[in-house]
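Novice: model the following, please.
(2 chains)
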There are 2 protein chains.
Amino acid sequence: MEKERNREHFYVAGKGFKNLTITRDALKLVTERLSPRNRELENIPSSSALHRVLGENVISPVDVPSFDRAAMDGFAVRAEDTYSATINSPITLKLIEATAEASVRKGQASPIATGGCMPSGADAVVMSEYAKKALDEVEVSAEVHPTENVSRIGEDLRKGTLVLKRGQRLLPQDIGMLVYLGYEYVNVERRLRIAVLSTGNEIHDGPKVTPGKIPDVNRPTLINGIREIGCEPIDLGIAADEANAISKKLTEGLAIADIVLVTAGTSVGPRDFVPKVIDALGKPGLLVHGVAMRPSMPTGLGLINGKPIISLPGYPVSAYLAFVEFVPALVDEMLGTCHLPRPIVRAKIVRRIAGVLGSRTYVRVRVREETDGTYAEPVSASGAGILSSLVRSNGFVIVPENVEGYEEGELVEVELFRPVESSNENA
Amino acid sequence: MEKERNREHFYVAGKGFKNLTITRDALKLVTERLSPRNRELENIPSSSALHRVLGENVISPVDVPSFDRAAMDGFAVRAEDTYSATINSPITLKLIEATAEASVRKGQASPIATGGCMPSGADAVVMSEYAKKALDEVEVSAEVHPTENVSRIGEDLRKGTLVLKRGQRLLPQDIGMLVYLGYEYVNVERRLRIAVLSTGNEIHDGPKVTPGKIPDVNRPTLINGIREIGCEPIDLGIAADEANAISKKLTEGLAIADIVLVTAGTSVGPRDFVPKVIDALGKPGLLVHGVAMRPSMPTGLGLINGKPIISLPGYPVSAYLAFVEFVPALVDEMLGTCHLPRPIVRAKIVRRIAGVLGSRTYVRVRVREETDGTYAEPVSASGAGILSSLVRSNGFVIVPENVEGYEEGELVEVELFRPVESSNENA
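Specialist: The predicted structure follows:
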């Protein structure tokens, strides 16, 4: 017990971490001191702009449709000519071919295809299904009212309407709209560049097995995490546990990237050079060292000349979870964007899970659907060293700062990053 | 009323659509007759395999860790030497440098870094924070038990364990794991190729304004929808409303793609060539024509020599929603994958929305967060011709077959495809 107390003491007010900062405060300390970024737009073909961040408001330059047009295949008519027509008592109209000169007159009908320009005189379209064509006549078996089956000029979009907003991520339908409005090219925000440095004497670039060395898991994981959030990774490689080597690489990163991430060496041990190196690089340096998050507590966040730098723990699970907690939110702040939340599923937790009061705890769970309900099983309680916990899980239970934990059998919300497993799959 | 009845009659048993098929049945009719696909694997660098579908089971070829190693920076010790040490009554150990030859003996401590190989004799690590180094001594202020702060051989993964399953989409952490296990390359499923053809005399490739023509919105939208679900789009261009032209293009598509999509001409009007063209291409042809879905009812699904072909309506909203309903699920069936559901938010619907009993209705809504709750506003009730409804909305309310609609003020589940708006944004 005394030992446990000692540790708690250390975590809360130990030499390296006098205070742990609540994660949302940690992020705010950085974002409120960010340098205003020089926005850089890229003008790219709209058809290749999927998921890019729109850099300008898009205003409709035209009315859509730009003319009254048929919304169905059928016959352009004067609506009043069809009144009282039913399937049992159809009315008959004279078939004509309307042109720019010859308009549709009383008692006439002119064939028209979906999207076709409404001939003058006509104000409605009788669908093919309600019209039987004879030689020079059309038998109409349902009445239409004025404007029925007609897309009116400007009905979809009025000229001058704000269609797409700066800061939104372009979805497939948005790209269709851009093309429709004649935007062959569109201005999008340049992707943020995020540089990644790994540190440590014991790591090397895989895959060859080297005695006493372990492959660097953090760079491939983080580089792909960066791609997943639509940013451009810059690989700074590995620096040995040596202040000059780390400093040189970070300086290089800060020169070319918008955000710099560095893993390992961020705690309070004898080899933990990173915090001091960051502070020596420029002002204000680390603003936060030690966050109220489990795992990933030793994380540091700072700014060098207005650019964010995040010092992530060396353990792959800690590094990636701190990335997940801070980087997408930071990118949103920098670009003025929002991201979709992860899908949530409610599941019964099969084993008690402990949070830490005052900290935000990421518990990796495996959610599966059984015939009698949805269950979440904590994948590992053995800490951040267990890399496989992130690989074997399909969701997080995030225990917030004010919750001590969840009891066995309690219903919890799981944020999914992979689909729920079905019990058959396990069989 | 009679007119309405006529129409209902038409929809349910009209000449083109004797029966409307429930969407999940429609998909099943296709998937249960699919030809077994010749699986084609690509061997690609693991570091570039983000979101690709794993084509093989990955078994751990090694124990992880492959040796007992330190989980913390500190000192390797014999745990029993530390028993009873506290911050007020530390114990003192002799500092040595353990080597392969010189093991840690009773009363000794050897410095060790996270990840370092545990020297023989030692069975635990005292963290730096609890150890004060003097000249040739270490003062230990907390006891450790055997294996404390040690990652034991195979603790994370045992050699021979199934780590990643064939059919899963690779996330950043999975790529980290592959690299860790020495998989420099990995076998992934070839991306499915999906060909897209637009038909119609009235459409042309934007952006130039051509009188009487409208830009083709469907191809750019669908091509990006295909990219979004991780498949490879093949652009077949535009064919005029003419059976031979459509047939030629579809034949071309079936030769190179795994799935073929064709838009417009799928209904029962005089220009609706597509269903007949598909039936003439091979067996069994269209299996379903007319689905119980609003919009997108005229959708057809079929197979030509074992390859799926989907005839989508010409209206961009109908085309895209039918794509959303059928194509991701079809791709999952063909690849043996699952996809994450869209995130769901519960919101109060601000206007009554009508479904159609027996049909699955996609209502486009705009969800916003107000100070007093979350509200969903139907974006347009004006049908599938209103392209902007997909662009201005951030979610779908999907009214299932057995529900008539939702009343104003009712709580509904919205499937989000963009973030919820906050009321500030609207201000």
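Novice: pLDDT weak spots in the stretch 301-427 of chain A?
Specialist: Counting by pLDDT under 70, the stretch 301-427 of chain A contains low-confidence residues at A:381-386, A:424-427.
Novice: neighbouring strands of the helix or strand where A:Ile309 lies in the sheet, and parallel or not?
Specialist: Here A:Ile309, judged by DSSP states H and E, is contained in strand A:307-312. Strands adjacent to strand A:307-312 in the sheet, as given by DSSP bridges, are strand A:259-263 (parallel), strand A:300-304 (antiparallel).
Novice: quick one: closest of these to B:Asp272.
Specialist: strand A:259-263 (53.3 Å; CB to CB). C-beta here means a position set from N, CA and C on the backbone, and glycine is covered the same way.
Novice: contacting residues around the residue nearest the centre of chain A?
Specialist: In chain A, the C-alpha nearest the mean C-alpha coordinate belongs to A:His339, at 4.1 Å (CA atoms, centre = their mean). The contact partners of A:His339, taken as CB atoms under 8 Å, 6 or more residues apart in numbering or on different chains, are A:229, A:328, A:332, B:419.
Novice: can you flag the buried ones in these?
Specialist: In the contacts of A:His339, burial by neighbour count holds for A:229, A:328, A:332, B:419, counting by 16 or more other CB atoms under 10 Å in any protein chain shown.
Novice: how about those in JSON lines, adding distance to B:Phe396?
Specialist: Written out in JSON lines, the entries for those read as follows (distance: CB to CB, whole Å):
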{"residue": "A:Ile229", "distance to B:Phe396": "24"}
{"residue": "A:Pro328", "distance to B:Phe396": "24"}
{"residue": "A:Asp332", "distance to B:Phe396": "24"}
{"residue": "B:Pro419", "distance to B:Phe396": "15"}
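Novice: what's the angle from the helix or strand that the strand holding A:Ile309 is followed by to strand A:307-312?
Specialist: Beyond strand A:307-312 on the C-terminal side, the first helix or strand identified by DSSP H and E is helix A:316-335. Between the direction of helix A:316-335 and that of strand A:307-312, the angle (axes from the mean of the first three to the mean of the last three CA atoms, to 10 degrees) works out to 160 degrees.
Novice: helix A:316-335 near chain B anywhere?
Specialist: Yes - under the criterion of CB under 8 Å from any CB of the partner chain, helix A:316-335 makes contact with chain B via A:316, A:320.
Novice: may I see the buried residues of that helix?
Specialist: Applying a neighbour-count criterion of 16+ other CB under 10 Å, the buried positions in helix A:316-335 are A:316-335.
Novice: CA atoms of it as PDB?
Specialist: Output in PDB follows, covering the C-alpha atoms of helix A:316-335 (Å, rounded to 0.1, in the frame of the first residue of the first chain):
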ATOM      1  CA  PRO A 316       3.800   2.300 -29.700                       C
ATOM      2  CA  VAL A 317       0.400   2.100 -28.000                       C
ATOM      3  CA  SER A 318       1.100   5.300 -26.000                       C
ATOM      4  CA  ALA A 319       2.500   7.100 -29.100                       C
ATOM      5  CA  TYR A 320      -0.500   6.200 -31.300                       C
ATOM      6  CA  LEU A 321      -3.100   6.900 -28.700                       C
ATOM      7  CA  ALA A 322      -1.600  10.300 -27.900                       C
ATOM      8  CA  PHE A 323      -1.600  10.900 -31.700                       C
ATOM      9  CA  VAL A 324      -5.300   9.900 -31.800                       C
ATOM     10  CA  GLU A 325      -6.100  12.200 -28.900                       C
ATOM     11  CA  PHE A 326      -4.300  15.300 -30.100                       C
ATOM     12  CA  VAL A 327      -3.300  15.400 -33.700                       C
ATOM     13  CA  PRO A 328      -6.700  15.200 -35.600                       C
ATOM     14  CA  ALA A 329      -8.100  17.900 -33.300                       C
ATOM     15  CA  LEU A 330      -5.000  20.000 -33.800                       C
ATOM     16  CA  VAL A 331      -5.300  19.700 -37.600                       C
ATOM     17  CA  ASP A 332      -9.000  20.700 -37.400                       C
ATOM     18  CA  GLU A 333      -8.000  23.800 -35.400                       C
ATOM     19  CA  MET A 334      -5.300  24.700 -37.900                       C
ATOM     20  CA  LEU A 335      -7.400  24.200 -41.000                       C
END
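Novice: so after it, what's the next helix or strand?
Specialist: Where DSSP H and E defines the elements, the next helix or strand beyond helix A:316-335 is strand A:344-349.
Novice: hang on, A:Glu377 is in a strand, isn't it?
Specialist: Yes - per DSSP: H, G, I helix; E, B strand; the rest coil, A:Glu377 lies within a strand segment.
Novice: list the residues that contact it.
Specialist: Taking CB under 8 Å, 6+ apart as the definition of contact, the neighbours of A:Glu377 are A:349-351, A:365-368.
Novice: can you tell me which two in the contacts of A:His339 are farthest apart?
Specialist: With CB to CB as the measure, no two of the contacts of A:His339 lie farther apart than A:Ile229 and B:Pro419, at 13.9 Å.
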